[in-house]
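Novice: Generate a structure from the sequence data that follows.
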Amino acid sequence: MHADTQPLLRFGVIADPQYAAVEPNLVLGRHYANSLTKLAEAIDTFNGEDLAFVVTLGDIIDRDWQSFDAILPLYERLRHPRHFLLGNHDFRVEPERLAEVFVRVGMPAAYQAFAAAGHRFVLIDGNEVSLFAPPPGDPRLADAERWLQALKAAGADNAQPWNAALGDRQLAWLEGQLRAAQAAGEKVVVMGHYPVYPPNAHNMWDSDRILDLFARFDNVVAYFCGHNHDGNYGLAGETHYVTVKGMVETPDTTAYAIVDVHEDRMEVRGYGREIDRTLSLMPVMPRLAATASR
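Specialist: The predicted model follows:
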């Protein structure tokens, strides 16, 4: 029994609505058009709670630019601040539209961070080095080919064209955010589209270096992601890795969660296919010698 019943904050989380006005893929179990109903239900639930924000962990759509026109208006009913991450399917649009996707969903930047109730929330762009997000002619496409071929040569399970990696500049920015949070005594929750742990075919190409980075900071308490619609969970060091189940799966059973953040734990309340979890947190002390890199 916990003494503190009121959380420091609550937030809502959705992964992979993957909406499109197309027939379901019964082999994969994806019912794209039904995500509008499931998302509307989730928003009704969120609107009945006192939430600091709601985050969608990517794959808002499955394909086609016009899919945004159908699903994004539902988010206008949400009475809480909203944040979007993008996934691989969000870039299955016409090549000339690729550079417009971030603006279309109202993202102020490809990656960002904000603080709330003694926590720093860091939202990364896992599509930066990929075969699908950069526009034609972008040098990151060649970088992505090299990443993928090296992983294939090593026989890696995550050597898949629908995965991706962070660029070196973003990785340095991420480290800077962790250092700044450590100096301030803030716990850090990182969010991305792609898993990094446990080992899985859906993981980011550079999951090893991201894991190594997180292991150097005892204030990184959780990483939330989507992409693997089956969901997943792992604990590495003091960091909880939670893969939220995909909303697009099944004809009518939804999947989303509300996370209650307490000083010593996070309580994940799952809805539909998503399960309840309690994530125990260790205290984080400020390190005055740490300085933020810019």
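Novice: which residues of this protein fall in strands?
Specialist: For the chain, applying DSSP state E gives strands covering 9-14, 53-57, 82-85, 112-116, 119-123, 187-191, 220-225, 232-236, 239-243, 255-261, 265-272, 277-280.
Novice: For residue 24, which of those strands is the nearest?
Specialist: Closest to residue 24 of the strands of the chain is strand 255-261 (CB to CB; 15.9 Å). C-beta: built from backbone N, CA, C; applies to glycine.
Novice: The closest one - contacts with which helices or strands?
Specialist: strand 9-14, helix 35-47, strand 265-272 (3 or more CB pairs under 8 Å, 6 or more residues apart in numbering; DSSP states H and E).
Novice: Let me know which of these is tucked in deepest.
Specialist: strand 9-14 (a mean of 24; mean count of other CB atoms under 10 Å).
Novice: and that strand, which strands flank it?
Specialist: strand 53-57 (parallel), strand 255-261 (antiparallel) (DSSP bridges).
Novice: okay, these in CSV with mean pLDDT next?
Specialist: Below are the strands paired with strand 9-14 laid out as CSV (pLDDT from 0 to 100):
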stretch, mean pLDDT
strand 53-57, 98
strand 255-261, 98
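Novice: contacting residues for the residue most central in space within the chain?
Specialist: The centre of the chain sits closest to residue 192, judged by CA atoms, centre = their mean, with a distance of 3.0 Å. Shown in contact with residue 192 (CB atoms under 8 Å, 6 or more residues apart in numbering): 57, 58, 85, 123, 124, 125, 126, 204, 223, 224, 225.
Novice: May I ask which of those has the most neighbours?
Specialist: residue 126 (31 neighbours; other CB atoms under 10 Å).
Novice: That one reaches residue 191, doesn't it?
Specialist: No. Applying CB atoms under 8 Å, one finds residue 126 not in contact with residue 191, separated by 9.9 Å.
Novice: Find the residues that touch each one of the two.
Specialist: residue 85.
Novice: mean confidence for stretch 139-153?
Specialist: On average, the pLDDT along stretch 139-153 is 97.
Novice: Over to stretch 80-97?
Specialist: For stretch 80-97, mean pLDDT rounds to 97.
Novice: So what's the residue count around residue 86?
Specialist: Using other CB under 10 Å, residue 86 has 24 other residues around it.
Novice: Contact partners for it?
Specialist: Contacts for residue 86 (CB under 8 Å, 6+ apart) come out as 58, 60, 101, 102, 105, 107, 125, 127, 133, 193.
Novice: Residue 157 and residue 226, how far apart?
Specialist: Here the criterion is CB to CB, to the nearest Å. By it, residue 157 lies 18 Å from residue 226.
Novice: Equivalent analysis for residue 175, please.
Specialist: Residue 175 sits 23 Å away from residue 226, taking CB to CB as the criterion.
Novice: Also residue 181?
Specialist: According to CB to CB, residue 181 stands 23 Å off from residue 226.
Novice: Those two: which has the busier surroundings?
Specialist: Per other CB under 10 Å, whichever of residue 181 and residue 226 has more neighbours is residue 226, with 31 against 27.
Novice: wait, the more buried one sits on residue 87?
Specialist: Yes. Using CB under 8 Å, residue 226 makes contact with residue 87 at a distance of 6.7 Å.
Novice: Find the residues that touch each one of the two.
Specialist: The contact sets of residue 226 and residue 87 overlap at 16, 57, 58, 59, 193 (CB under 8 Å, 6+ apart).
Novice: List the contacts of the first one.
Specialist: In other words, residue 16. For residue 16, counting by CB under 8 Å, 6+ apart, the contacting residues are 57, 58, 59, 87, 226, 227, 229, 246, 247, 248.
Novice: and if you look at residue 89?
Specialist: When contacts are counted by CB under 8 Å, 6+ apart, residue 89 is found next to 18, 58, 59, 61, 62, 63.
Novice: And the spatially closest residue to the last one that is not a sequence neighbour, how far from residue 175?
Specialist: Leaving out its chain neighbours, the residue that sits closest to residue 63 by CB to CB, 6 or more residues apart in numbering is residue 92, at 4.1 Å. In this structure, residue 92 and residue 175 are 31 Å apart, going by CB to CB.
Novice: More neighbours: which of the two?
Specialist: Ranked by neighbour count (other CB under 10 Å), residue 92 and residue 175 place residue 92 first, with 18 against 15.
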